[in-house]
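**Q** mind looking at a prediction? Sequence and model below.
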Amino acid sequence: MSDLYVSTLCSWMKSDIFAPGICTNPSMTEAVQRMTGNLQMSEWQPISTAPKDGTRFLAWHKDRVDFFHWQHLNGSCDAPVGWRDSFIYVYPEGDSNGPSHWMPLPDAPPKPIEPEPERDTKTIDMFGTSE
């Protein structure tokens, strides 16, 4: 799995495009760990300081990295409130089985600069014939 794929996934996780369960695959966790080791990122912070506005972030949970966000009641359903992992589990705040630490997702890598197209080096004389 390429770092570009993981970076793209991280960008998606910051947005509303979210497929539950995407990061339960161990190779994904390894790729995220490899990627986070190669990028300058924030230090791990206690989960008690994580954002509660729905922002997705990397979390340390049960000896692995996973994507989490705060899930709150929206009035239209009886969804549990707490830290939601990348699959279906929600851990109430303070639950010892929940994540212990978090850090923000990295920014997506810059888009590659497209090379300029090669210019035609043929010369055209004033009569429209090429050399």
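**A** Structure received. Numbering: from 1, shown residues only.

**Q** quick one: low-confidence parts of this structure?
**A** Low-confidence segments of the chain, defined by pLDDT under 70: 1-42, 74-77, 120-131.

**Q** tell me which residues of the lengthiest strand in it are tucked away?
**A** Criterion DSSP state E: the longest strand present in the chain is strand 64-71. Neighbour-count burial for strand 64-71, counted by 16 or more other C-beta atoms under 10 Å, picks out 65, 66, 67, 68, 69, 70, 71. Every C-beta, even on glycine, is put in place using the N, C-alpha and C of the backbone.

**Q** quickly check those for the two that are furthest apart.
**A** Pairwise distances across the buried residues of strand 64-71 peak at 19.0 Å for 65 and 71 (criterion: C-beta to C-beta).

**Q** where do the helices of this protein begin and end?
**A** 3-14, 26-38 (DSSP state H).

**Q** picking that back up, what pairs with the longest strand of the chain, parallel or antiparallel?
**A** Paired with strand 64-71 in the same sheet, following DSSP bridges, are strand 57-61 (antiparallel), strand 82-84 (antiparallel).

**Q** pipe those strands into JSON lines and attach mean neighbour count and distance to residue 101 per row.
**A** Output for these, formatted as JSON lines (neighbours: other C-beta atoms under 10 Å; distance: least, C-beta to C-beta, whole Å):
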{"stretch": "strand 57-61", "mean neighbour count": "22", "distance to residue 101": "4"}
{"stretch": "strand 82-84", "mean neighbour count": "21", "distance to residue 101": "11"}
